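Chemist: Make a model of this:
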Amino acid sequence: MRHEQLSELGQQLRVDSVRSSAAAGSGHPTSSMSAADLMAVLMGNHLRYDFEKPEHPGNDHLIFSKGHASPLLYSLYKAAGALKDEELLTFRKLGSRLEGHPTPELPWVDVATGSLGQGLPFGVGMALAGKRLDHVSSRVWVLCGDSEMAEGSVWEAFEHAGHERLDNLTAIIDVNRLGQRGPTRHQWDLDAYARRIRAFDWHTIEVDGHDIAAIDRAYGEATSTVGRPTAIIARTQKGRGVASAENHEGMHGKPLKDPEEAIAELGGVRNMAVPVLGPPAEKPTRPASEGPLSLPRFNTGDTVPTRDAFGEALAAVGTARGDVVALDGEVGDSTRLEYFHKEHPERYFEFYIAEQQMVAAAVGMQTRGWTPYACTFAAFLTRAYDFVRMASVSRADLNLVGSHAGVAIGQDGPSQMGLEDLAAMRAVHGSTVLYPCDANQTAQLTATMAELSGIRYLRTSRGGTPVIYPSSERFPIGGSKILRATESDRVTLVAAGVTVHEAIAAADRLAQDGISARVIDLYSLKPVDAEALRTAAEVTGRLITVEDHHPEGGVGDAVQGAFADGGPAPRIVRLAVRNMPMSGTPAEQLNQAGIDAEAITAAARELVAA
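Modeler: Numbering: from 1, shown residues only. Model (predicted):
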């Protein structure tokens, strides 16, 4: 498109941002107006996209990391002919696809944004998939705000993209100087941003964000730059084009006071249609599967860490499925993700100690059809929890694996002990939470995860545990296993992971006292096997839950939730980690926390005698 047309398109985008926000009575028109020229040039002359085929593998990807500028994004879709004007004016209304911040409710939105600092890390994942996995020429464009440049996750993304030399990634930074409550840290000092970004091996271009010709040249320079990602750092004005709003504080997140006057000042309503460039005709490459799934098999009675079983199983899943990729946070030797690396190095990605970027990259990769397993210590996944939360909003399908969970890790102490992870992952919308107790169970669940939808979390353990299930055993999601049961059971012990073995030992001790105890392995914590728990409650009337986790949100809460919908509730005693652990052997840790066989036995005797 000619520059005169692009200038008009920029004005149209501003007008439509004002109109949609006015119709909603809320929104961020001024944040949209600052970036309107940047997006007009991108869509008019550089973005390659087929709006009728959003799944086309050759499509570029456009991410609005500054998701509050959604009026601008929706105005772009209208200009491309993807949205009608009537729908544009449903912005932020109940039932509308045009939510306050973009979500994949719209087929052209890859990832949900709105929690600032996430768009660029997502883009790194998409760019990695395009360059290292799909081997296509599509580009990833990320519109960032200057306020989010204070987020640490943004700098994890800058460093990793530079390290990977992702020349198919362009960050467009809208430096409009004003944040939510006042000026940003560097205001209009473009060089302050450029110096920092160049330090991470990026090519940088500083431009006037309202100079159409300069913007057009910058995009051309970005697409022709080889071996480095590019950051276009654009000086803009918030509320551009409306005197009462332009560069004024206190206008963030508010519709303009007089939208009709503002629209007139911007030159009135326009209805330009943009002939968006189509994607190239190319197909992504995918590794061929080498045959049916052949999971490792472990002999009953052997002692095997579940983390070992996970690593071996994932390598086998990767052999059977060419779409599986593994993402590591520099602990692959401990989590056993290194087993996958040995078998499938081309699908293994090292993110070092940058858990936010690791999870974000997993989200980005799954938008392009890959099935990611992202793995680190359970305790360290909490650092990336906002990305997990937003992955759910993105309707993402990904597998998370947290190892070294609970006090059972022993001498490393509380900084390394995941004691909150089950609660965190159970709270995620639509999640599946699994906690295996032996090697064969772990192998089966590792493979099953790849077939599920939503956020899937598997908790593995550091130390060896006895193999109690044959390799032929199956473990349906939402199920449980009854390991001890008679018609004369007087108490039910409900455990998961390492405490299953403590519960079995406790049941054996109780049997010597003439107390028959039912033992349930609750390997699926979400969804939970409510039927098995209610049946056990009917038979025994007494339940003891035991977990290597804090009492809030874990096994105990999952069990109690099974009785929340009515019916008689049993007497429940909950054993969990209520102390602040210190360094010590695994056995000492379990004992001190009151979740070992001795503690379970004592609690059961007291409960039965009551």
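Chemist: Based on its surroundings, how many neighbours for the closest residue to Glu350 other than its chain neighbours?
Modeler: Among residues not flanking Glu350 along the chain, Asp328 sits closest, at 5.3 Å (CB to CB, 6 or more residues apart in numbering). C-beta coordinates here come from the backbone N, C-alpha and C atoms, glycine included. Applying other CB atoms under 10 Å, we find 22 residues neighbouring Asp328.
Chemist: Same question for the one 4 residues further on.
Modeler: Residues lying near Gly332 (other CB under 10 Å) number 21.
Chemist: Quick check: the residue nearest to it when sequence neighbours are not counted vs Asp328, distance?
Modeler: For Gly332, ignoring the flanking residues on the chain, the nearest one in space by CB to CB, 6+ apart is Glu338 at 4.2 Å. From Glu338 across to Asp328, the span is 8 Å (CB to CB, to the nearest Å).
Chemist: ditto for Ala129
Modeler: 16 Å.
Chemist: Then Ala35?
Modeler: Applying CB to CB to Ala35 and Asp328 gives a distance of 35 Å.
Chemist: so where is the stretch 301-450 of the chain shaky, pLDDT-wise?
Modeler: Scanning the stretch 301-450 of the chain for pLDDT under 70 picks out nothing.
Chemist: didn't Val519 look like it was pressed against Arg484?
Modeler: Yes. Counting by CB atoms under 8 Å, Val519 touches Arg484, with 4.1 Å between them.
Chemist: hey, what's in contact with both of the two?
Modeler: By the contact definition CB atoms under 8 Å, 6 or more residues apart in numbering, Val519 and Arg484 are jointly contacted by 504, 507.
Chemist: So if I had to pick from these two, which one is more boxed in?
Modeler: Val519 (24 against 18).
Chemist: Pull the residues that contact the helix or strand containing the more buried one.
Modeler: Following DSSP states H and E, one finds Val519 within strand 517-521. The contact list for strand 517-521 (CB under 8 Å, 6+ apart) reads 437, 480-486, 489-496, 500, 503-504, 506-507, 510-511, 529, 532-533, 536, 539-540, 604.
Chemist: Show me these that map onto strands.
Modeler: The strands, defined by DSSP state E, take in 481-484, 491-495 from those.
Chemist: if I look at His61, how far off is Gly454?
Modeler: Counting by CB to CB, the gap from His61 to Gly454 is 22 Å.
Chemist: Could you do Thr448 as well?
Modeler: 13 Å.
Chemist: residues contacting the nearest residue to Pro121 once chain neighbours are set aside?
Modeler: Spatially, and ignoring its direct neighbours in sequence, Pro121 is nearest to Ala360 (3.3 Å; CB to CB, 6+ apart). Contacts for Ala360 (CB under 8 Å, 6+ apart) come out as 118, 121-122, 124-125, 153, 157, 384, 387.
Chemist: rewinding a little: show me which of His61 and Gly454 is the more surrounded one.
Modeler: His61 (25 against 15).
Chemist: residues touching the more buried one, list them.
Modeler: 110, 123, 126, 138-141, 367.
Chemist: how about a cut-off of 7 Å?
Modeler: 110, 126, 138, 140 (CB atoms under 7 Å, 6 or more residues apart in numbering).
Chemist: Ala231 now?
Modeler: Ala231 neighbours (CB under 7 Å, 6+ apart): 171, 173, 197, 202, 204.
Chemist: Filter those down to the ones in strands?
Modeler: 171, 173, 204.
Chemist: before we move on, the earlier item: can you list which of the contacts of His61 are found in strands?
Modeler: Counting by DSSP E, the contacts of His61 contribute Val140 to strands.
Chemist: ok, so of the contacts of His61, who is nearest Gly311?
Modeler: Met126 (26.9 Å; CB to CB).
Chemist: That closest one: neighbour count?
Modeler: There are 30 residues near Met126, going by other CB under 10 Å.
Chemist: same deal with Gly95?
Modeler: 5.
Chemist: and what of the one 5 residues further on?
Modeler: If you count neighbours by other CB under 10 Å, Gly100 ends up with 18.
Chemist: Would you confirm that Leu9 belongs to a helix?
Modeler: Yes. Leu9: assigned to a helix according to DSSP: H, G, I helix; E, B strand; the rest coil.
Chemist: Name the residues of stretch 343-353 that come out as buried.
Modeler: 343-344, 347-351 (16 or more other CB atoms under 10 Å).
Chemist: can you check stretch 96-107 too?
Modeler: For stretch 96-107, by 16+ other CB under 10 Å, it's 96-104, 106.
Chemist: ok, and the most crowded of the contacts of Ala231?
Modeler: Neighbour-wise, the contacts of Ala231 (other CB under 10 Å) top out at Ile173, 31 neighbours.
Chemist: still on that earlier bit, quick one: which of the ones in strands among the contacts of strand 517-521 is the most crowded by neighbours?
Modeler: Neighbour max across the ones in strands among the contacts of strand 517-521 (other CB under 10 Å) = Leu493, 32 neighbours.
Chemist: what sits against the residue lying closest to that one once chain neighbours are set aside?
Modeler: Ranked by CB to CB, 6+ apart and with sequence neighbours excluded, the top spatial neighbour of Leu493 is Ala503, at 4.1 Å. Residues near Ala503 by CB under 7 Å, 6+ apart: 493, 495, 519, 546, 600.
Chemist: would you list the residues you listed in a markdown table and tack on distance to Ser472 and pLDDT?
Modeler: Listed next are those as a markdown table, based on distance: CB to CB, whole Å; pLDDT from 0 to 100:
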| residue | distance to Ser472 | pLDDT |
| --- | --- | --- |
| Leu493 | 25 | 98 |
| Ala495 | 23 | 98 |
| Val519 | 21 | 98 |
| Val546 | 28 | 98 |
| Ile600 | 29 | 98 |
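Chemist: Tell me the one of those nearest Leu166?
Modeler: Ala495 (45.4 Å).
Chemist: Return the set of residues that bridge with that closest one.
Modeler: Asp521, Val546 (DSSP bridges).
Chemist: Enumerate every residue touching it.
Modeler: Ala495 neighbours (CB under 7 Å, 6+ apart): 502-503, 521-522, 546.
Chemist: ditto for His344
Modeler: Applying CB under 7 Å, 6+ apart to His344 gives the contacts Gly318.
Chemist: what about it, distance to Asn59?
Modeler: 27 Å.
Chemist: what does Ala82 give?
Modeler: Look at Ala82 and Asn59: by CB to CB, they are 13 Å apart.
Chemist: Of those two, which one has the most company?
Modeler: Asn59 (22 against 18).
Chemist: would you put the C-alpha positions of stretch 127-138 in PDB?
Modeler: Output of stretch 127-138 as PDB, limited to C-alpha atoms (Å, rounded to 0.1, in the frame of the first residue of the first chain):
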ATOM      1  CA  ALA A 127       9.700 -18.400  16.600                       C
ATOM      2  CA  LEU A 128      11.700 -21.400  17.900                       C
ATOM      3  CA  ALA A 129       9.000 -23.800  16.500                       C
ATOM      4  CA  GLY A 130       9.000 -22.100  13.200                       C
ATOM      5  CA  LYS A 131      12.800 -22.100  12.800                       C
ATOM      6  CA  ARG A 132      13.900 -25.200  14.600                       C
ATOM      7  CA  LEU A 133      11.000 -27.600  14.200                       C
ATOM      8  CA  ASP A 134       8.700 -26.600  11.300                       C
ATOM      9  CA  HIS A 135      11.400 -25.000   9.100                       C
ATOM     10  CA  VAL A 136       9.100 -22.500   7.600                       C
ATOM     11  CA  SER A 137       9.700 -18.800   6.600                       C
ATOM     12  CA  SER A 138       6.800 -17.300   8.600                       C
END
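Chemist: If we go by neighbour counts, what in that stretch is buried?
Modeler: For stretch 127-138, by 16+ other CB under 10 Å, it's 127-131, 133-134, 136, 138.
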